[in-house]
Every structure is written in structure tokens, then in C-alpha cells.
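**Q** Structure of the sequence below:
(2 chains)
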There are 2 protein chains.
Amino acid sequence: MSNQKLFNVAVVGATGAVGEQIIRLLAERNFPIGELKLLSSARSAGKKINFKGQEITIEEAKPESFRNVDIALFSAGGDVSRALVPEAIKHGTICVDNTSAFRMDPDTPLVVPEVNIDKINENKGVIANPNCSTIQMVQALKPLYDRYGISRIIVSTYQAVSGAGASAIRETLRQSRAVLDGQPVEPQILPVGSLPVKHQIAFNAIPQIDKFVDNGFTYEEMKMINETKKIMGDESLEVTATCVRIPVVYGHSESVYVELKSDFDVEEVKNILAEAPGIVLQDNPAEQLYPLATEAAGKLETFVGRVRRDLSNPRALNMWIVSDNLLKGAAWNAVQIAEYIAIEK
Amino acid sequence: MSNQKLFNVAVVGATGAVGEQIIRLLAERNFPIGELKLLSSARSAGKKINFKGQEITIEEAKPESFRNVDIALFSAGGDVSRALVPEAIKHGTICVDNTSAFRMDPDTPLVVPEVNIDKINENKGVIANPNCSTIQMVQALKPLYDRYGISRIIVSTYQAVSGAGASAIRETLRQSRAVLDGQPVEPQILPVGSLPVKHQIAFNAIPQIDKFVDNGFTYEEMKMINETKKIMGDESLEVTATCVRIPVVYGHSESVYVELKSDFDVEEVKNILAEAPGIVLQDNPAEQLYPLATEAAGKLETFVGRVRRDLSNPRALNMWIVSDNLLKGAAWNAVQIAEYIAIEK
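**A** Numbers count the residues shown, from 1 in each chain, chains lettered A, B, ... in the order given. Got it, this is the predicted structure:
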């Protein structure tokens, strides 16, 4: 960035899976930082983290932590955001919140930069980062929405365990080794840490992410449905989601069926996707080229392939969308928003 | 079975993953066997297999192998079936073929006993066993088709590696251990043994099962589309499939969206499924009860859960269907057909 103005930045949840990636990206992107505050729960306070050769001591996040902070990136859970975002706003801090706390708040913009960056100027102190599984889908579908219109989306997800945090990663690796060694598996975290029933994730597929709503859908599924409508700015959009956890460490994959409002040419669709910001088209059946979670891991882009006209409905497309859930699905989307805030200021 | 008539039975592909299960089920079910012939390629001939305390030597499958064989169960690949099923028929053998060789042949019944057992009497010497991912889906949907009518099915699969044979299982376990040990992964089998490009399956999701057709779908997806219409006996049925391999050893899971032709009550749907033959309803969100591949493995039934009315289309249902792909998806469906043949004779 050529902008010489520097910003005091706070990262709340600095030791979490997403917080670590945010710190890494702030360094890699040379974000114009004056002072960097790394905040966490009392438990992690006192630890030191290296940022561009400088050792920064993690402090406990408190209401007064945000004095003189220009931009704060939150990824320490909904309860922390609900408690501390209002305190940060009192200090004039602009918050980018990676939790679900404010996403559906009508006064809070829900932003995927490639889709609706214009909304950041409507913020009242907090901009919400959407759910990981939502971000990659709307990013891929927005250029098609703009060109053809979209009437319906039916998505089934194949979600990585890193979306449930570092303890879920450790559990998946531990369980996998136990199965390979013929040892008993004792699930402790997944599918939902705070719920009583646990299921094996190693060599399995669990059709539950987050708790259940009364309508039989999970909160994760409702996030995909409601957030997609809000980000697209179209309440008439019909969205259905089935969210499934599979034993992948990094990278969410999505099987997406989408009904367009007007006729389309599949090659034109592929060209539009290939040129869309942040999208990489990987689509060549003859060479067995399509997006894979293991190859999307660690990358900032969203990968799209298996693009094909539906055989039963000529107005519909099927596609396969993959992105690193900790990066574009969380840390990178948040840092992108922070970069736009910095440019606007 | 009380029927005292005994049948000479041949199992072609006796050493394969499905063949082994067929032999086990014939024993467990006390199939009324006179003589049991175990047939394979020349490579496995000479091996001995224990059947109910009797040692049987595997013989090379040849055209003359079927002399005096009443019922032959084939699971040695499409090429073997195309070569030997016609030879068996010449000897008066009734063949149950688990490959794709005859499935779409208009003269060959394609049978899931719970759906269309009446078709077995139309056979001209061979009855085809459908593709694994198709069987569990049509089994679960048939009672809803009969009660409400079905206009459209959109399915995304989460398929186990055992569907690609014993070598794919070994590859998955070997790769998983390599990843856990930080060793390099060298894919050799999946996604398709006969194609040049291989992808890592450990901790990944591969959106390719079988080769690609020119329309951008895979053969596996086309099997689900075409076989579902044939088994349901309804060419107007609109079916879309995306088939994905995930690192699960036994048990295919399916996320299924289905549009019904008439109004329905979700509780009535659940009751219909609970009473359907071979179906076990596992559906209680409050207790986090839903079908899981690890729990369906080794069982003969098909498990259905996550049954819920679609929020965007009140005429549509979403559900999660799981079954052991080697059992109801292959060996058990074939043995069921053989049992019906035995009863009819």
C-alpha cells in the first residue's frame, strides 16, 4: 500500500486458528500498522508472538484495551464480540468481526469484498465477516448473479475440521491414528463442543455443524441461507443448504446447484468465473483438473470447477467450489476488509 | 428358507471386496446351496476359501465353468460380465450381475428388491444389480414416490473408498498414515485406476468417481441419473447428481433434495420411511441422532435422517441417506435377488 498513514490495529483472539492467520496476513501484506495489539483471554495473556521481527506480548482483552486502536479484528467467539465490540466502538475503533454476533444485525454490513465492498461505508463501528462456507459460495456466484440473475441455490458442503478450531484438528488427527492402529476412538469435540453427544470424525461424514434449529436445519445451514440473501441483497433468493463435516483439515468444498434467471452458455460462464476477482477456474475434465481441498489449503483464492449445465434443467448449473476456510473463509476476508477501511480513511 | 430345493451357485469375482461379502452372506443366510463354485481370474485360481466349514478351491472363470450352475453372481468387472454372462446364459444359468455391463440394456431388469422385485420375472438370463450410490437412494425414495410422487431429485454424494476396491482402501489407509507422519503422499489408484492423473484421497474430497462423459458429468453421476429413472420406471423424473469420493472406508452418505408432486406432512414422511422395508429412520436432532457411515458399516439396512421440509420450496424435502456400499449397495442387494430367484423356482 502506498498510503503512508499508519493504523493502530488490535487482533482479538490472537492465539486462535483464525487469529494466527490474521497476524500472518497483516505481516505478509505489509498492512500499514502503527502499533499492533494482540489480545486474548486471560489464559493466553503473557505469551509472546513474533511479528515482523518484533516480539509482542499478548494482553488480556478488556474494554479499555481499545483506547487509541483504529481497527480491531475479532475472532474470539460470539460472546467475546458481543461483550467487547460495543466497548471498542465507544473508543472510535472500527471493528471487523469474524463471529456470527452481528452478521444478521440490520445495521451491520456483512461484507465479502468481491461482492459488496460498497457496504463498508454504511458501518456503525462494526463490519461483519460472513461464515466461511458462505463467503466462498457468494464470491463464486456473484458474477453469475450480476450477469444472469439467480433464482435458487442448493448447496451441500464438505467442510474441514479446522472450522471447528485447533482442538478439532488435533482430535481428527488423533482419531485417524487410532483407527489406523486399531485402537478405540473416543470422540471429545466434534460435532459441537458444547453439546453432549460426540461422533467419530475420522473416516466418517457428520451431517451436523453447529446446533440444530427447530426447523430441522442446523445454525450452520441457516447461516448459509440467511447470509447469502443478505450479502447478495436479495431476499427473494431461494437457498437450501446441507452442511457436513468430513475428515479434511483445511479447505471447504461445496457441491452447488444454481438456477439462473436467463439463458446462458457454459463457456461464457467459465470465462466469467475465470475473470472474476479472487476466483481461479480449475475446470478441465480431460485432464482431471478440478478444485481439491488439499491444493486450495494455504491459498487466498476461491477455486471453481466441475462447471456443467444441469441435464434436468437447462437453466441450471452445477459446480464445485473450494477455498481455504481459515483464509478467504475467515482471516483473509477480514484482512481484505481492514485494507479497504485503511484506504477509505 | 423352508424351500428344500437346492441350487448350484457360482460366485464370479470371489476374491474381490464384493465377492467376499457375497460368500459371507450366502453362508449367513443359509442360502439353499447344492454346490458352490468360486470363480476368479487365473491369478487368484488355486486359493482356498472356507465356506461353512468346507474348503473350496477357487477356479479360473471360463465359459464352461457354468455347466450345471443354476445361479451365478458376478462382481468381477464389466469386461468379465460382458464376456461370461452370455456363456452362462447358454448353460441355463440365471445371472445376477453387479457390474454396469447390462444395467441400461432394455432387456435386462435393473432390480432393487424393495423397489421393483416384480421385474425379476422379465429377465432373459441376467438381472442387473444397480450402482451402489443409486440403490440406497431409490430404496429410500420409493415409498415417498408411491405416496406423493416425485418430480425432481438433486443429490450430492459422500462416497467411501471401498467402492473403488480393496486397493483403494489400502491406498487410503497408507496415505492417511503418511500424512500423519509428515511423509510424502504418492497417489497411485484414485480417483480412477485406469486414468493417468491421481489425486490424494487422505484428508481430501475428490469430485470425480469414474471417468468423465462429454457433458461434464462423470459416469458415476450418469449412472445415478439413468439408473434411478429405470428402476423407478419413470423417464420424466428429473435427477441431478454430483458424486464425490471422501476418506471414508465403508458406507456411502448422500445429501438428497427431493421435490414431491403433492403436499406432505414431515411427520407422515418420517413414519412412511420408518415403516419402509430395509429402511431405518435415524432422525432426532435433539439427541444428535442421524445416520453415520461408521455406524452403517457392516449393516444390511439403509439409514435415513435429517428429514426436513425445504425452506425455499414447501413441496421439497431434504434428507441424509447412508448405507454400506459393499452390502446393500452391492453384495446384499445381489444376494436378495438370488433369494427371490430361488423362491420363484
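
**Q** Can the longest helix anywhere in chain A be said to contact chain B?
**A** Secondary structure of chain A per DSSP state H: the longest helix is helix A:132-148. No. Using Cβ under 8 Å from any Cβ of the partner chain, helix A:132-148 stays clear of chain B, coming no nearer than 13.5 Å. All C-beta spots, glycine's among them, are computed from the backbone N, C-alpha and C.

**Q** so what's A:I94 bridging to?
**A** For A:I94, the beta-bridge assignment (DSSP bridges) gives partners A:I71.

**Q** rewinding a little: list the buried residues for the longest helix of chain A?
**A** Going by neighbour count (16 or more other Cβ atoms under 10 Å in any protein chain shown), the buried part of helix A:132-148 is A:132-145, A:148.

**Q** With stretch A:274-286 instead?
**A** Buried, per 16+ other Cβ under 10 Å, within stretch A:274-286: A:A276, A:G278, A:I279, A:V280, A:L281, A:Q282, A:D283, A:P285.

**Q** where does the last one fall, phi/psi-wise?
**A** Same thing as A:P285. phi -60, psi -40 (degrees, to the nearest 10).

**Q** picking up where we left off before, nearest to A:S40 among the buried residues of helix A:132-148?
**A** A:C132 (21.0 Å; Cβ to Cβ).

**Q** Might you report the residue contacts of the closest one?
**A** A:C132 is in contact with A:Q159, A:G163, A:H252, A:N325, A:L326, A:G329, A:A330, counting by Cβ atoms under 8 Å, 6 or more residues apart in numbering or on different chains.

**Q** about what we covered before: can you name the next helix or strand after the longest helix of chain A?
**A** Going down the chain from helix A:132-148, the next helix or strand is strand A:150-158, by DSSP states H and E.

**Q** Report whether that following strand contacts chain B.
**A** Yes. Applying Cβ under 8 Å from any Cβ, one finds strand A:150-158 in contact with chain B at A:R152, A:I154, A:S156, A:Y158.

**Q** so the last one makes contact with A:C243?
**A** No. Between A:Y158 and A:C243 there is no contact under Cβ atoms under 8 Å: 9.3 Å.

**Q** circling back to that earlier point, in JSON lines, list the contacts of A:C132 along with pLDDT and distance to B:A14.
**A** Listed next are the contacts of A:C132 as JSON lines, based on pLDDT from 0 to 100; distance: Cβ to Cβ, whole Å:
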{"residue": "A:Q159", "pLDDT": "98", "distance to B:A14": "40"}
{"residue": "A:G163", "pLDDT": "96", "distance to B:A14": "44"}
{"residue": "A:H252", "pLDDT": "98", "distance to B:A14": "42"}
{"residue": "A:N325", "pLDDT": "98", "distance to B:A14": "45"}
{"residue": "A:L326", "pLDDT": "98", "distance to B:A14": "48"}
{"residue": "A:G329", "pLDDT": "97", "distance to B:A14": "48"}
{"residue": "A:A330", "pLDDT": "98", "distance to B:A14": "51"}
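
**Q** can you tell me which of the residues you listed are in helices?
**A** Assignment to helices by DSSP H places none of these there.

**Q** out of those residues, which is most surrounded?
**A** A:H252 (31 neighbours; other Cβ atoms under 10 Å in any protein chain shown).

**Q** re the thing from before, of the buried residues of stretch A:274-286, which is the nearest to chain B?
**A** Nearest to chain B among the buried residues of stretch A:274-286: A:P285, at 3.8 Å, using Cβ to the nearest Cβ.

**Q** Can you name the residues bridging to the spatially closest residue to that closest one that is not a sequence neighbour?
**A** Distances taken as Cβ to Cβ, 6 or more residues apart in numbering or on different chains put B:F212 closest to A:P285, at 3.8 Å, once the chain neighbours are dropped. Residues in a beta bridge with B:F212, per DSSP bridges, are B:T218.

**Q** neighbours around B:F212, how many?
**A** Count around B:F212 with other Cβ under 10 Å applied: 21.

**Q** Give me the distance between it and A:F203.
**A** Plainly put, B:F212 is 27 Å away from A:F203 if you go by Cβ to Cβ, to the nearest Å.

**Q** Strands of the stretch 151-300 of chain A, residue ranges please.
**A** For the stretch 151-300 of chain A, the strands defined by DSSP state E, counting those that start in this stretch cover A:238-242, A:252-260, A:279-281.

**Q** Identify all contacting residues around the first one.
**A** Think strand A:238-242. By Cβ under 8 Å, 6+ apart, the residues outside strand A:238-242 that reach it are A:133, A:151-157, A:207, A:217, A:220-221, A:224-225, A:228-229, B:156, B:255, B:257, B:306, B:310-313, B:316, B:318, B:320.

**Q** shaky segments in chain A?
**A** A:1-3 (pLDDT under 70).

**Q** got the domain boundaries for it?
**A** Following automatic domain parsing, chain A resolves into domains at A:7-130+A:330-344, A:134-325.
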